[in-house]
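Trainee: next one to model:
(chains A and B)
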Amino acid sequence: MEETLKKKDKILSAADIRTTFHTHGRTVQAVRGVSLYVESGEILAVVGESGSGKSVLMKSVMGLMPDNAEVKADELTFAGQDMLAMDPEQLRKMRGKEMAMIFQDPMTALNPLKTIGSHLMEVLKRHRGMDKEAARKEAVAVLNQVGIPSPEKRLGQYPHEFSGGMRQRVLIAMALCCRPKLLIADEPTTALDVTIQAQILDLLKSLQEETGMSIILITHDLGVVASLSHRIAVMYGGLLMEEGTTEEIFYSPKHPYTRALLHAVPKPRSGGKERLEPIPGMAPSLINPPSGCPFAERCKFACEDCRKEIPQFRTYSETQRALCIYSGEELDHKEGEVESHG
Amino acid sequence: MDNKNNEILLEARDLCKYFPARDFFGRKKAEVKAVDHINLAIRKGETFGLVGESGCGKSTLGRTLIRMYDPTSGSILFKDQDITGLKGKQLLPVHKQMQIIFQDPYSSLDPHHNVREILKESLTAVSGLSTDEMDGRMEEILKKVGLKPDDMYKYAYEFSGGQRQRIGIARALLVEPEFLLCDEPISALDVSIQAQVVNLLEDLQKEMGLTYLFVAHDLSMVRHISTRIGVMYLGRLVEIADSDELYENPLHPYTKALLSAIPLADPRLAAQSKRVMLSGELPSPMNVPAGCHFHTRCMYAREECKNRIPEMMEVSPNHFVACPYAGENNS
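Mentor: As a prediction, this is how the structure comes out:
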């Protein structure tokens, strides 16, 4: 299908991923043809609201989808290997070792009956073939790396003895055990308090710099990604709406949805007192998605053509492109018109 | 939003709410001091924001103030009337004037009832209206919160999260309260929907002259909606100020750390901002540190902080802080 923008140094490259669920005789098209890439050593943020397909997209890449889901793709390449040509055994070995994933809820992701040490050592023994003693040493080192104080003592403790932030650190440690090339973090701080969130985000950033791995950060919160990500991909209704560098997305967004999203939160510069501009209506159903642009129903610039078919990408720079029939300039012009009439 | 009107609507004096923590045999083994000697006055027509991390007691304080919980000690005054000791039916007229909207629009609406039944329940409890009058009132309130009168015959599952929160707001406003406790009303909603609900709350406040206590952990939204803000840490208020003053000139070390942790939706600004990192973990509320609760994580803590409970002091007009060294640590 379409070409992704840049081809060099890509750790992950996916073209036209389509994921559908079959439930109760109905089909849910959760991801409807998304192409994206991750460069090695970068942090890519995938931003979207609930139901935008951001988690499903990443789980499709990881192969973590349930049996009733069907994943199709034109291309799926990870570190130079064609994942579409691999057999399940090869895939299983690669996932978990070379790509790892951490989840939103650190409360339920750990087995309450097992110590933290056995969680970590199991990974090390299985994926890196270590013996017990070596695994124990490595587990201490990894816990140290993620900033858990007195790791030797903590190894023998159970998940309930850890706070939420500490559990998320343990999960990050588990993911790091195999020194993955790619870490996918699915809303890693949503369940945490703001001061703890800041600690975890700092940790992810410094780990990325230390190890040189790539990170995909899935989130609904634009504030979280502003200080962390190099690039941002914005999703809506199962489609990629816009991608660009963090600077491009925040300071010259092209897609009406990206713009609306930025206007819907209080602006930190002005003290945040001006009236918010909500996006009217709600996200479309993915059981029977609209044939045109999924955002058309809520978009103040939408015209007849928007509802007919999904528009093509417009490319703005080597890194930025947006899925809208109007260019950024046309939208600026229209915005001026809307304001002078209103 | 001006502060000319300084009439106090709701006041807490030395308010405490302790929960017993029991062991396996039901014996009391400790006390969780969720609200610990709090003094607070909420002015008529303002939005008072209450912020703090989970477990700091902000929701408990709100719920004790509207008498959902019985206070352990201290007193609550609503429109100069002491409502601390009211029990059972005596509370009905108070609850008619003080309502609450909840965080989770999914679990706070009964799935077996349609909207009409949900709304009617709160009306029958407090008013002697006839069925026709009630229907009229319900239609009116649904329109006010941006729903259609036809929606009355739908069930909760037929609505999206944002619409459910509108139903929650309609239920609270139906009995024409003066005071509304908003207990994390937008935390469960998507970003694009949060703005809809916040704008609705602001419009309703203007239209109906409501007073809000807005409890939340989204600090940028709290700044947006609040007139004044109180910061809580382990059951105590550590700082109270007008919202701009608090964000621009935070004085308590905890407030500074909390505000600097807000993720800014502006990469250039985020790169410039300095972060005050908190060391250590939140102590268990069952075993809070003596003296200033914050001293175990405070970078300015001195010997005295371990023993002496800091008093709230007014350091500039309307700016209160519970740290005797707040001014000195400002560099």
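
Trainee: in the stretch 201-331 of chain B, where is pLDDT below threshold?
Mentor: Applying pLDDT under 70 to the stretch 201-331 of chain B flags residues B:329-331.

Trainee: 50 - rerun?
Mentor: Along the stretch 201-331 of chain B, segments meeting pLDDT under 50 span B:331.

Trainee: tell me where it has helices.
Mentor: B:219-225, B:243-248, B:253-260, B:267-272 (DSSP state H, counting those that start in this stretch).

Trainee: turn the ones you listed into CSV, including distance to residue B:80.
Mentor: C-beta: built from backbone N, CA, C; applies to glycine. Below are those laid out as CSV (distance: least, C-beta to C-beta, whole Å):
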stretch, distance to residue B:80
helix B:219-225, 27
helix B:243-248, 26
helix B:253-260, 31
helix B:267-272, 45
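
Trainee: which one of those helices lies closest to residue A:302?
Mentor: Evaluated with C-beta to C-beta, those place helix B:219-225 nearest to residue A:302, the distance being 27.9 Å.

Trainee: which elements pack onto that closest one?
Mentor: strand B:47-51, helix B:191-208, strand B:211-215, helix B:243-248 (3 or more C-beta pairs under 8 Å, 6 or more residues apart in numbering or on different chains; DSSP states H and E).

Trainee: and the most centrally placed residue in chain B, how far from residue A:92?
Mentor: Residue closest to the average C-alpha location in chain B (C-alpha atoms, centre = their mean): residue B:215, at 2.7 Å. Distance of residue B:215 to residue A:92, given as C-beta to C-beta, to the nearest Å: 46 Å.

Trainee: what does residue A:238 give?
Mentor: Separation of residue A:238 from residue A:92 (C-beta to C-beta): 27 Å.

Trainee: so between those two, which is more surrounded?
Mentor: residue A:238 (26 against 12; other C-beta atoms under 10 Å in any protein chain shown).

Trainee: if I pick that one, what's in contact with it?
Mentor: Residues near residue A:238 by C-beta atoms under 8 Å, 6 or more residues apart in numbering or on different chains: A:29-32, A:34, A:52-53, A:286, A:289, A:294.

Trainee: let me know the outermost residue of chain B.
Mentor: residue B:132 (34.8 Å).

Trainee: buried stuff in the helix or strand hosting it?
Mentor: Here residue B:132 sits within helix B:131-144, counting by DSSP states H and E. For helix B:131-144, a neighbour-count test (16 or more other C-beta atoms under 10 Å in any protein chain shown) marks B:134-135, B:137-139, B:141-142, B:144 as buried.

Trainee: and the strands in the stretch 1-150 of chain B?
Mentor: Using DSSP state E, counting those that start in this stretch, the strands found in the stretch 1-150 of chain B span residues B:8-22, B:28-43, B:47-51, B:73-78, B:81-82, B:98-101.

Trainee: make TSV out of those strands and add mean pLDDT, mean neighbour count and distance to chain A.
Mentor: Listed next are the strands of the stretch 1-150 of chain B as TSV, based on pLDDT from 0 to 100; neighbours: other C-beta atoms under 10 Å in any protein chain shown; distance: least, C-beta to the nearest C-beta, whole Å:
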stretch	mean pLDDT	mean neighbour count	distance to chain A
strand B:8-22	93	17	16
strand B:28-43	91	19	16
strand B:47-51	96	26	9
strand B:73-78	96	17	27
strand B:81-82	95	11	34
strand B:98-101	95	24	18
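
Trainee: which among the buried residues of helix B:131-144 are in contact with chain A?
Mentor: Among the buried residues of helix B:131-144, no residue sits close to chain A (C-beta under 8 Å from any C-beta of the partner chain).

Trainee: in CSV: those residues, plus distance to residue B:39.
Mentor: Output for the buried residues of helix B:131-144, formatted as CSV (distance: C-beta to C-beta, whole Å):
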residue, distance to residue B:39
B:134, 40
B:135, 44
B:137, 37
B:138, 39
B:139, 42
B:141, 35
B:142, 39
B:144, 35
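
Trainee: alpha carbons of the worst-scoring helix or strand of chain A on mean pLDDT, as CSV, please.
Mentor: When the helices and strands of chain A are scored by mean pLDDT, DSSP states H and E, helix A:328-341 comes last with a mean of 82. Taking C-alpha atoms only, helix A:328-341 is exported to CSV below (Å, rounded to 0.1, in the frame of the first residue of the first chain):
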residue,chain,number,x,y,z
GLY,A,328,-2.7,22.4,6.6
GLU,A,329,-2.8,25.7,4.8
GLU,A,330,-6.3,25.1,3.6
LEU,A,331,-7.4,24.3,7.1
ASP,A,332,-5.7,27.5,8.5
HIS,A,333,-7.7,29.4,5.9
LYS,A,334,-10.9,27.7,6.8
GLU,A,335,-10.3,28.2,10.5
GLY,A,336,-10.1,31.9,9.8
GLU,A,337,-13.4,31.8,8.0
VAL,A,338,-15.1,29.9,10.7
GLU,A,339,-13.9,32.4,13.3
SER,A,340,-14.9,35.5,11.3
HIS,A,341,-18.4,34.1,10.8
